[in-house]
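1. What follows is a predicted protein model with its sequence.
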Amino acid sequence: MPEAIVALGESKRIVGRLRFETDGRRQHSQFEYAPEWLADPDRFALSPALPLRTGGFFSSGRDDKTSALSGCFADAAPDAWGRALMRKALGGGLTEFDYLVLADDRTRQGALRFLGEDLEPLSALNPPIPRLVELEELRALAHRFERDPEGAEAEARRLAGAGGSLGGARPKANITEADGHLWIAKFTSVQDTKPIERAEIATLRLAKRCGLRVPEARLELRASDSPIALIRRFDRRGPTRIPYISARTALDWSREEGAFYTDIGDVIRQISAKPIDDLHELWRRIVFTVLVSNKDDHLQNHGFLYAGGDRWRLSPAFDINPSPSRQRVLETGIVEGGAFDASYDIALGACEFFDLTRDEAKQQAREMAELIAADWKQALLDEGMLANEARSYEDAFVHDEAKRALQA
């Protein structure tokens, strides 16, 4: 039965032990907190589903429908892009446990580390983290792998060290700047028909102007046809790793259908160090998502950073991607029991759940709608879009829901 010592941060504080087994069809894992962690005055639960207690916590998965790992460990494992790289670089037949522990320890999301009995990382992919000056090479490698994943073994091995630890389905890699801080480089895909990286950076800038908390972001190689979006890792503070869990993990959500923002609000009340601030921030993000037609608001794209004292804070907003000319629906519904419509009226009706009066909510929504209406086109042009490309995004920003918010 393969197993790993679970540790935290650069100091490798031992938290517990993770064991894994598979019978070929079903995979199982068991986690147990270490006695020294339970006795540590700075201890905290790795997620709400793993409360501090003795004894084991069990998880099982089958046919990729559910993960065999508890949520906080699944969050630390790579997703579609990273897994594709790892399969090609390390060979097929990898289990959930393999994906988790063999990915690059230095760039893994969050602060969890997975060690052998010698207290050294089990990861099999540890090449030097690419530097900013290597972006063009990484982009070329990613494009070659996308075009020929079966034949691009050398490319996969090079990219697996840089991007094998990351989530999401789109091509990306970790890079480091001269100060040592980690950034995520998001590449234009060979499948893209729109300037997605330019749109994402522009929309993050709009979000910041609207008062939302977002990571530092910028566009590199912006004069090329395939620019690269750089997003500063918010789970790092210099060399310090910051524990992170997704909203999916915070909710202990395993069902295929989406959850609701009111569910996330319930969790905020339970675990946040500043629940009112986080509730207000979450409501503004709901409205911003509606106003910019964000298509990626699923539970993996909301998260929490550890704030100390067994409390968490809503992480900066990320992966905000405007999608023009689409059905106006959300991945995460606004109110439990309601529709998944991207509706300003539904968001306004739910404002009191997020500790806002109706008048406060109307004013905040109107201010965001006014700013977006005035700035969206120039924001896209500022990131290098051509005029016709910017016009192709108009339906994402100019629509009936935005008009309702403007008239509030």
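-> Done, it's in.
2. Please name the nearest non-neighbouring residue to the most centrally placed residue in the chain.
-> Nearest to the geometric centre of the chain sits N301, at 4.4 Å (Cα atoms, centre = their mean). With sequence-adjacent residues excluded and distances taken as Cβ to Cβ, 6 or more residues apart in numbering, N301 is closest to D319, at 4.5 Å. The C-beta positions use only the backbone N, C-alpha and C, and glycine is treated the same way.
3. Touching, the one you found and D296? I think so.
-> Yes: shown here, D319 and D296 form a contact pair, counting by Cβ atoms under 8 Å, at 4.8 Å.
4. who's more crowded, these two?
-> D319 (19 against 16; other Cβ atoms under 10 Å).
5. Kindly provide the distance from the more buried one to A34.
-> 34 Å (Cβ to Cβ, to the nearest Å).
6. Likewise for L371?
-> From L371 to A34 the distance is 49 Å (Cβ to Cβ).
7. ditto for D235
-> 23 Å.
8. do the same with A259
-> Separation of A259 from A34 (Cβ to Cβ): 31 Å.
9. neighbour-wise, which of these two wins?
-> When A259 and A34 are compared for neighbours, A259 comes out ahead with 20 against 17, by other Cβ under 10 Å.
10. measure that one to Q300 for me?
-> 11 Å.
11. So for the one helix or strand in the chain whose mean pLDDT sits lowest, what gets flagged as buried?
-> The helix or strand of the chain with the poorest confidence is helix 153-163; it has a mean of 80 (mean pLDDT, DSSP states H and E). Using 16 or more other Cβ atoms under 10 Å as the test for burial, helix 153-163 gives 155-163.
12. Could you tell me which residues touch both of A259 and Q300?
-> Counting by Cβ atoms under 8 Å, 6 or more residues apart in numbering, the shared contacts of A259 and Q300 are 247-248.
13. give me the low-pLDDT residue ranges for the stretch 1-150 of the chain?
-> Low-confidence segments of the stretch 1-150 of the chain (pLDDT under 70): 62-66.
14. so the residue nearest to N301, which of the three states?
-> coil (DSSP: H, G, I helix; E, B strand; the rest coil).
15. And it, how far from T289?
-> 11 Å.
16. what does L102 give?
-> For L102, the distance to T289 - Cβ to Cβ - is 35 Å.
17. for N294, what are its contacts?
-> 203, 288, 320-323.
18. Show me which of those is closest to R87.
-> N321 (26.1 Å; Cβ to Cβ).
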